[in-house]
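**Q** Give the three-dimensional model of this entry:
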Amino acid sequence: MADEDRAVVDFIARLGSAMLGADYPVTIVKRTLSLVADRSGVECPVLVLPNFVQAGEGELNRVVNHDKPLRYDQTFPLGELVQRAELGQVTPAEGWAELDRIQALPRRFPPWVSVLGCAVQSAAYALILQPTVVALVAAAGFGLLIGILVRVTGGNAGLRQLLPVVSAFLVTYIAFSLGRLLHMGHDSLRVLIPPLTFFLPGVAITLAVIESSTGHMVSGAARLTGGLLRLGQLGLGIVVAIQLLGVTTTELTDAPVNTLGSWAPWLGVAVYAAGIILNLGPPRGFWPWLVLVLFVAYGAQVATAAAFGGYVSGFGGGLVLMLCALLLSRLPSAPATQVVLAPGFWLLVPSSVGLIGIAELAGGRGGGAVLAMLASMMSIALGFQIGIALWSIFPHRDGLGSPG
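**A** Next comes the predicted model:
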């Protein structure tokens, strides 16, 4: 019996570590691991922090460090495993074997397709944030550069840590140099945003707000520190390039322009979906859900901004996105809630205010913009929490759809 209990505790610890690698909030990880322990009839207290999981006590105590981050395509089978484990439909041996399989899954597409997907995603952000021909071409080119850098540094942990600084410096230096040469004017600052969205700490900061507000102060503080550090890395790269070029304050302006038409941002949402497919390689049957979630989330954000202003647009988008993901999770053929939430969340993160604010720090005008970015992040987190609270009012099947 002790061996069986030990197998359960080992599986619980490793499952929690994999969930952390897929950016599950610690509240959800702890809830899932407790459910798995209850289903198995094993007394297994758990401690979950962003970088490790401790399960069991005494001789059965197991501590597992944070697994390496899972790719987005790997979170789909993980979500299915989590749901089955919560319902008691997986033995420890089966769960362990499935986790091994998930870790060993190859990418759906070859590397060059992923690089192309980065360019497409960056171009999509340009259509949403600055729909001009110059911004579109520049964003696609910079996205291609970022995709190549990501692939080249993929096997070196040290270089990956430096990639946000290096990428921000290169994109800023090239953008402002070409902006002066080609007289791009207002497009110079805005073209920085799309390619650097790949490094924005929106997930970390939003999860920090959610976890802190639910009583997990240590986890929330750790995530917030990591998120602010990443934002600081991006800011450092931008500011160094700006100072090296001697960019003047008048060049550090935010002038949103749409020369393509009101349809361009909506086309950008569809292009963004195509970029996710190419870059991240989710399962073939996911694209209808992806397109649905992206348009619902973006539509809710635009409607909220029109009604109440941009500061609370993230709240409306986050609320509707959460309710949509939870509703879809009730359908037998739909993916798990977490994988449905992720692409909508990436689209919602109001990254433009944060990056422009950091860039304008060189001109002494960035403080208000940075605060606006943080407020926007918090509004998304609040929308998620309200969505969860509203969902919990109504009865639903155990193990499906409830993220907390």
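**Q** residue ranges with poor pLDDT in the stretch 201-350 of the chain?
**A** For the stretch 201-350 of the chain, the stretches with pLDDT under 70 are 249-255, 310-311, 350.
**Q** Swap in 90 and give it another go.
**A** Scanning the stretch 201-350 of the chain for pLDDT under 90 picks out the ranges 201-262, 265, 283-285, 297-298, 300-318, 321-350.
**Q** that's a helix at Pro131, yeah?
**A** No: Pro131: not assigned to a helix; according to DSSP: H, G, I helix; E, B strand; the rest coil it is coil.
**Q** ok, it touching Pro265?
**A** Yes: with contacts counted by Cβ atoms under 8 Å, Pro131 reaches Pro265, the gap being 6.5 Å. For the C-beta atoms, the positions are set from N, CA and C on the backbone; glycine is no exception.
**Q** Can you get me a residue count around Gln243?
**A** Counted with other Cβ atoms under 10 Å, residues neighbouring Gln243 total 10.
**Q** Could you measure from it over to Phe142?
**A** 20 Å (Cβ to Cβ, to the nearest Å).
**Q** elements contacting the helix or strand encompassing Gly237?
**A** Per DSSP states H and E: Gly237 is located in helix 217-245. With contacts defined as 3 or more Cβ pairs under 8 Å, 6 or more residues apart in numbering; DSSP states H and E, helix 217-245 has these neighbours: strand 46-49, helix 157-182, helix 202-213, helix 351-360.
**Q** On the C-terminal side of that helix, identify the next helix or strand.
**A** Assigned by DSSP H and E, the successor of helix 217-245 is helix 264-280.
**Q** ok, residues contacting that next one?
**A** Defining contact as Cβ atoms under 8 Å, 6 or more residues apart in numbering, one finds that helix 264-280 is touched by 71-73, 109, 113-114, 116-128, 131, 147, 258, 282, 287, 290-291, 294-295, 298, 302, 343, 347.
**Q** same thing but 6 Å
**A** With contact meaning Cβ atoms under 6 Å, 6 or more residues apart in numbering, helix 264-280 is reached by 72, 113-114, 116-118, 120-121, 124, 127-128, 131, 290-291, 294-295, 298, 343.
**Q** Return the subset of these lying in strands.
**A** Among those, DSSP state E puts none in strands.
**Q** Settle it for me: which of Pro131 and Pro265 has more neighbours?
**A** For Pro131 and Pro265, the more surrounded residue by other Cβ under 10 Å is Pro131, and the numbers stand at 21 against 18.
**Q** returning to what we had before: Leu236: which of the helices and strands packed on helix 217-245 is closest?
**A** Each of the helices and strands packed on helix 217-245 has some distance to Leu236 by Cβ to Cβ; the shortest is helix 157-182, at 5.6 Å.
**Q** tell me the phi and psi of Pro131?
**A** phi -70, psi 80 (degrees, to the nearest 10).
**Q** No further questions, thank you.
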